[in-house]
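Peer 1: here is my input; please provide its structure:
(2 chains)
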Amino acid sequence: MTAIFINGQSVETGDHTTVLQVALANGFHIPHFCWHPELSVVGNCRVCVVEHEGRGVGIACNMPISDGMRVLTDSEPVRAQRKAMLQFILLNHPVDCGICDKAGECSLQDYHYEYNGETAISGDAKLHSTKFFPLSERIILDNERCILCSRCVRFTREISKSNVLGLENRGDSMLVRPAEGRSLDDDPYSDNVIDICPVGALLSRSFLYQARVWYLEPTPSVCPGCARGCTVQFWHRKAEWRLSGLDERHNTRVHRVTALENPRVNGPWICNKGRDLPELLDRPRATQALQKGAPVSLMQAIETARGLLDQAGKRVALVSSWGSNEELRAFRNSLGDYFTSFVKPDHLPLEGEVVEDDLLIRADKNPNTRAAQDLFGTAAAEIPDDTELVLVWGEGVDFGTLPRGVKILFLGSWLLPENGHADVFIPISIQTERRGHYTNFEGVVSPFEACQPHRDGVIDAETLFPLLSAPGGSASGGGAA
Amino acid sequence: MKHLIPEFERMKTRLPPGHDATLLVPCLRRIQEDRGFIDNSDIDGLVEYLGIPRIQIEEVLSFYGMLRRKPIGRWHLQVCRNVSCSMRGAERLIDELIGKLGVQPGETTADGRFTLSTVECLGSCGTAPVVMVNEAYHENLSAADLDALLERLD
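Peer 2: Here you go, the predicted structure:
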């Protein structure tokens, strides 16, 4: 095992090959813009300089380790060079942090405070460049803020392989630009470049000027967009920064979605579908229990549902592939004996959507098919004509395809026309209102936490199932049956 | 571009296998020599021949000022405007050319005869000011020399 000395302290190098990797793995922070663990080393930002004792100052991202080498990360020459480098990087940077979405999570801002902290030495006027350059329908580029680290360019070449972006021209005229006639719309992973941009150059149109990041906090979750089950962070407003004068939705809404790094599933990336989850979550919700379209209380609906369950002869359940592991188990434990159960896809690929690729995207557009099929089998749904009751859990079932005259018990979360066509409709909570786990197609189980308040009139499926099966009444039902 | 492929194949033999992308700049130079500029169809041809993404060719074309994407006039007048030439009257030559030809640096005359460019050091400071006309150097140029020179260029 190779050991090197960082600031006099002996550290094991493990599998790492460069000083920067060893330092970061051992808790020594070395600033860096262009280096990214998943991308090739280009060494163009020059701020990760360290001193190799006896050899002088060099960039840590490209400095190979040798046994016993002694490295200083914060010596006088290192500090001086870093400071000079930051002056240079900021030469034409507008320093418009006050109106920049990246402020608060910007490496340039952090490093400037930590390693430079001085006003510009240069007396020359700053060069102006393009602002709000549209890279795609989703992303705009502010060339004045860009420090030409080339992370986004390398991302499109090495990770998403769309080869859309490049650096055109040279010197201080150099610009990140898409290839002629192309745009980042061609890249289903494009929004990752917003995350990896170390400054505020690449900006999300949907998040532009929506919120200061320090008013938001992330809740770990799992993307339900496909069977990959990428771990994500849902960013929503902190309770202590609650807004009282504006629409309440600002306080509860998921403002943006970012990747939650997870080497077992998605690394640091997610696809654009994951970024668009707020649109999916913002759809109008169903909060009113219905009986043949007529509003009833939740308890009344549960009573009626239990009556249907007791009376019906042949019963079939179409189980949601969006249910959590806990909900699926609750269903099997409470209602498994009542029903012949089939797992159904709640969502199918949309028109124009990337169905499947080699990186992350899976053809199954549901998060928990694996766990559901482990419990209820992989057979396609077959509903005999003499079925008397069908329990439909979640989206994706056209009631017109069910046998004529069958009773329908529908558990759903969204305001849909079919809610009123069911004999009993019970509104259930969505992923962001409860905690749970999903099992992805490879069997990796990932947890998600609640980040939105539970709505009045809505019940968790996990709570509902035991109530439906309780013979002759239940704790909360008060034995009314 | 297609007719140059046998030449490119010969250049390829000088490189280790798997380094085809290295041929990009020599190929672009050869295409420009042949056609006078690099056309969009040439870029498409190279994408196919070298197997590299289009954006990488565009990067190279925009980086090197000597690679052209548009046709130029029959005579390309490149006036050096670095220190030695400027001190020896290059700026006056440029002004004169602008007046005579009626075009700004970077433009081509309407009859397609001349393209005027200003360039960085041509490496001939001892004989400043220098104007390069196509591949030929014209050194120690006075305004009168320049007039005589333009007369000879049809």
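Peer 1: and for chain B, the residue most distant from the center?
Peer 2: Computed with CA atoms, centre = their mean, the residue of chain B farthest from its C-alpha average is B:P17, at 30.7 Å.
Peer 1: can you list the domains in the chain?
Peer 2: Because you didn't say which chain, this covers chain A. Structural domains annotated on chain A: A:3-89, A:133-281, A:290-469, as defined by automatic domain parsing.
Peer 1: sorry, I should have been clearer: chain B.
Peer 2: B:2-63, B:75-152.
Peer 1: separation between the residue of the stretch 1-150 of chain A found nearest chain B and A:I89?
Peer 2: Per CB to the nearest CB, A:S150 is where the stretch 1-150 of chain A lies closest to chain B, at 10.8 Å. Glycine gets a C-beta too; all of them are placed from N, C-alpha and C. Per CB to CB, to the nearest Å, A:S150 is found 13 Å from A:I89.
Peer 1: where along the stretch 101-250 of chain A do the strands fall?
Peer 2: A:133-134, A:139-141, A:165-168, A:175-178, A:202-204, A:216-222, A:231-237 (DSSP state E, counting those that start in this stretch).
Peer 1: out of the ones you listed, which comes closest to B:L150?
Peer 2: Across the strands of the stretch 101-250 of chain A, B:L150 has its closest neighbour in strand A:165-168 (35.0 Å, CB to CB).
Peer 1: chain center to that closest one: distance?
Peer 2: Taking CA atoms, centre = their mean, to the nearest Å, one finds the center of strand A:165-168 at 27 Å from the center of the full chain.
Peer 1: helices or strands up against that strand?
Peer 2: helix A:151-154, strand A:175-178, helix B:54-63 (3 or more CB pairs under 8 Å, 6 or more residues apart in numbering or on different chains; DSSP states H and E).
Peer 1: can you list contacts of it?
Peer 2: For strand A:165-168, the external contacting residues (CB atoms under 8 Å, 6 or more residues apart in numbering or on different chains) are A:135, A:148, A:150, A:152-153, A:155-156, A:174-179, A:184, A:193, B:55-56, B:58-59, B:62-63.
Peer 1: burial measure for A:S40, as a count.
Peer 2: The tally of other residues near A:S40 (other CB atoms under 10 Å in any protein chain shown) stands at 12.
Peer 1: quick one: contacts for it?
Peer 2: By CB under 8 Å, 6+ apart, the neighbours of A:S40 are A:154, A:158.
Peer 1: so it is in which element?
Peer 2: Following DSSP states H and E, one finds A:S40 outside all helices and strands.
Peer 1: got it, and A:A84?
Peer 2: Using DSSP H and E, the element containing A:A84 is helix A:76-89.
Peer 1: which helices and strands sit right next to that helix?
Peer 2: If you count contacts as 3+ CB pairs under 8 Å, 6+ apart, helix A:76-89 packs onto strand A:49-52, strand A:56-59, helix A:107-111.
Peer 1: and of those, who's closest to A:I426?
Peer 2: Minimum separation from A:I426 across the helices and strands packed on helix A:76-89 (CB to CB) falls at helix A:107-111, 48.5 Å.
Peer 1: show residues contacting the closest one.
Peer 2: So helix A:107-111 is contacted by A:31-33, A:47, A:82, A:86, A:89-90, A:93, A:97, A:102-103, A:147, A:198-199 (CB under 8 Å, 6+ apart).
Peer 1: before we move on, what about stretch A:433-440?
Peer 2: With CB under 8 Å, 6+ apart as the contact definition, stretch A:433-440 has outside contacts at A:222, A:224, A:227-229, A:265, A:324-327, A:367-368, A:370-371, A:374, A:445-450, A:452-455, A:458, A:460, A:462.
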